[in-house]
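In: got a structure for you, letters missing:
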């Protein structure tokens with residue numbers, strides 16, 4: 001009878017450990033997902049800031065720099081803005 005109780009206690013401890021491991025795994029997955037969402041959100045915010053900055057620089061250069069050079073610089077900034085839009 002004592003052996004049966006020891007066996008049941010051993011089985012109980014084994015199942016308790018399995019449960020703890022599963023809980024830790026789920027917690028890790030949730031933490032990973034939250035970090036991933038935060039990184040995506042921060043990346044989108046930085047992309048929008050960069051787009052605004054490029055837009056302001058383009059507008060300022062269009063008013064200041066004239067001629068062929070001004071057009072080339074404006075084209076480069078527009079390509080950068082499109083790249084950020086696609087990002």
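Out: Perfect, I can see it now. Computed from a predicted structure; not experimentally measured.
In: What segments of the chain are strands?
Out: With DSSP state E as the definition, the chain shows no strands.
In: Output the longest helix belonging to it.
Out: Counting by DSSP state H, the longest helix found in the chain is helix 2-64.
In: Could you pull up the mean pLDDT of it?
Out: Here helix 2-64 scores 86 as its mean pLDDT.
In: Leaving out chain neighbours, which residue sits closest to residue 57?
Out: Spatial nearest neighbour of residue 57, excluding adjacent residues (Cβ to Cβ, 6 or more residues apart in numbering): residue 77 at 6.1 Å. Quick note: C-beta positions are derived from backbone N, CA and C, even for glycine.
In: what sits against the one you found?
Out: Contact analysis of residue 77 by Cβ atoms under 8 Å, 6 or more residues apart in numbering lists 54, 57-58, 61.
In: Just the buried ones from those?
Out: When those are checked for burial by 16 or more other Cβ atoms under 10 Å, the buried set is 54, 58, 61.
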